[in-house]
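S.K.: sequence unavailable; structure follows:
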C-alpha cells in the first residue's frame, strides 16, 4: 500500500548546474590526527587521545529520535528538501509504502529530493545515526549523483552513512562528532532504482578513544583492545622502503595509520564500507599490515590518475592479488569470462561499478603490461598525464596519446595476460 507525499518547496541541499560535480550528502568527516614530531623515531610510550581535541564524551544510549514509519501519517513529521538537482524536473518519487518511506528515480531524473527532520542534540557533541535500508536495483553506473544513505547536517558540516547500492537489505550506522545544538537528520537516494528507509534512529554517543604511537614512518592509532604487533611494524617499514624508492620519495611526514578491529567499526567511524582505504594522507585498515594504501599516499608524488591506473599500480607494488601473482590471476579471470577491456574502465565511476575482484585485477594486469613492455618511464608518463578530475573523454584521448589506439592496447593486454608465463 502506498501514500504519495505532497511536495514542499524547501531547499537545503546543493543545486548544481547540469554537468557540474556535486559533493555527495554522504561526505565523510575525516578523523583528525594529533601532531607528530618531525622525526620518525619511535615514541617512548603510546599516548591516549580523544578522536579530536576538546571532544567531551556525552552520555551514551540516550535516544534523541526514533522513527519506524508505522503509518503514512508518520511521514508528516519529515520535511522535503532538494538534495541535489541538475534541473527542476523530472523529480524523484517519494511515498509511504507498507511501513517504510520509498524513494524512486530513473536515469532521466534530474532533481533528487530528500526528507529530513530537525532536532536538538541535547548538548551532545557525539551522536550515532542508524537506519534500515532496503534497495531494489539501485544502480551507480554513470549516475551523476551517487547517494543512497542517511545523513546528518549540523553546525560543523555534514556527514553520512555508507552509500547502499544494488538489491539488498542492510542496516547502516555512523558515529559523528557534531556541533551541539540544532541538527537536521535526513535520508536521500539519488540513483536509478528504488530504496526503502525504515527504523531511523539518532542517539547520544561518545568519542572514540584512540591509543596513539609513533613508530618509524607511521603514526599508529588503535582502539581499546586492539594492537599492532612487531612483525606488522617491521613489514610496514619494509613496505615504506620499497614504495618510497619506487616513487623516488626521499622524505615524507609520518603517515597516520588508523587500525580498526573490524569492518563494522571502520564503517561506523568513517561512513565508508570496506576493509581498507586511503583518505587524504591517512591510511584506514582493519589489518595491521599495509602496502596497498601506502602506494596511494606516496604516489601523490607522481599524480592523481583514474582508478584503473592508481589501483592497478597499488596492486602491482603490493606483489599479488588475492594471494596470486597478478598475471596468473588475470589469466584465470580472462579464461573464465570475467575480463574487461582496460580502456572501458578508464572512467573511475565505471571502474568502481565493476566488482573489485575483476576491476582491480584488470587494472593491475594493465599496469604490469605497460611497465613490462614500455618501461617505467612510460608508466609514469601515463600516471602523470591522465587525471582523475578530467573527463572520461579527455583521459581517453590522453591514454591514446601515450599508448596508441585503445583497441590495440586492449587486445595486447589481454593477450599478454593469457600467454604462457
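M.R.: Great, that's in hand. A quick note: this is a predicted structure, and the numbers were derived from the prediction, not measured.
S.K.: would you list every one of the helices in the protein?
M.R.: All helices of the chain, identified by DSSP state H, fall at 230-247, 263-270, 292-298, 307-318, 326-335, 348-353, 356-374, 376-385, 392-403, 406-418.
S.K.: now do residue 328, the pLDDT please.
M.R.: At residue 328, the pLDDT value in this model is 97.
S.K.: and the residue nearest to it when sequence neighbours are not counted, what does it touch?
M.R.: Nearest non-adjacent residue to residue 328, counting by C-beta to C-beta, 6 or more residues apart in numbering: residue 421, 7.8 Å away. Heads up, the C-betas are built off the backbone N, CA and C, glycines and all. Applying C-beta atoms under 8 Å, 6 or more residues apart in numbering, we find residue 421 in contact with 327-328, 331.
S.K.: out of the residues you listed, which are buried?
M.R.: Neighbour-count burial (16 or more other C-beta atoms under 10 Å) applied to those gives 327, 331.
S.K.: and residue 189, bridged to which residues?
M.R.: The partner list for residue 189 in beta bridges (DSSP bridges) reads residue 148.
S.K.: show me what the residue nearest to residue 63 when sequence neighbours are not counted is bridged to.
M.R.: Leaving out its chain neighbours, the residue that sits closest to residue 63 by C-beta to C-beta, 6+ apart is residue 203, at 4.6 Å. As for beta bridges, residue 203 partners with residue 63, residue 128 under DSSP bridges.
S.K.: residue 203 is in contact with residue 119, isn't it?
M.R.: No - here residue 203 does not reach residue 119: they are 11.3 Å apart, not a contact under C-beta atoms under 8 Å.
S.K.: what do these two both touch?
M.R.: Common neighbours of residue 203 and residue 119 (criterion: C-beta under 8 Å, 6+ apart): residue 64.
S.K.: neighbour-wise, which of these two wins?
M.R.: Higher neighbour count among residue 203 and residue 119: residue 203, with 19 against 13, using other C-beta atoms under 10 Å.
S.K.: middle-most residue in the protein, spatially?
M.R.: residue 272 (5.0 Å; C-alpha atoms, centre = their mean).
S.K.: any idea how far residue 172 is from that residue?
M.R.: Residue 272 is 11 Å from residue 172, where distance means C-beta to C-beta, to the nearest Å.
S.K.: which residues are in contact with each of those two?
M.R.: residue 162.
S.K.: returning to that earlier point: how far away is the residue nearest to the centre of the chain from residue 143?
M.R.: Distance of residue 272 to residue 143, given as C-beta to C-beta: 18 Å.
S.K.: what does the model give residue 42 for pLDDT?
M.R.: Value listed for residue 42 in the pLDDT field: 30.
S.K.: ditto for residue 28
M.R.: On the pLDDT scale, residue 28 gets 28.
S.K.: likewise for residue 349?
M.R.: Residue 349 is assigned a predicted lDDT (pLDDT) of 89.
S.K.: how about it, nearest residue that isn't a chain neighbour?
M.R.: Closest to residue 349 by C-beta to C-beta, 6+ apart is residue 142, at 6.6 Å.
S.K.: can you check residue 221 too?
M.R.: Closest to residue 221 by C-beta to C-beta, 6+ apart is residue 210, at 4.3 Å.
S.K.: tell me if I'm right that that neighbour and residue 223 touch.
M.R.: Yes - shown here, residue 210 and residue 223 form a contact pair, counting by C-beta under 8 Å, at 6.4 Å.
S.K.: the more surrounded of those two?
M.R.: residue 210 (25 against 16).
S.K.: what are the bridge partners for the more buried one, then?
M.R.: Residues in beta-bridge contact with residue 210 (DSSP bridges): residue 49.
S.K.: and it, how far from residue 384?
M.R.: According to C-beta to C-beta, residue 210 and residue 384 sit 36 Å apart.
S.K.: again, but for residue 141
M.R.: Distance from residue 141 to residue 384, by C-beta to C-beta: 28 Å.
S.K.: got it, and residue 180?
M.R.: For residue 180 relative to residue 384 (C-beta to C-beta), the value is 46 Å.
S.K.: for residue 280, same thing?
M.R.: Counting by C-beta to C-beta - residue 280 and residue 384 are separated by 20 Å.
S.K.: okay then, goodbye and thanks.
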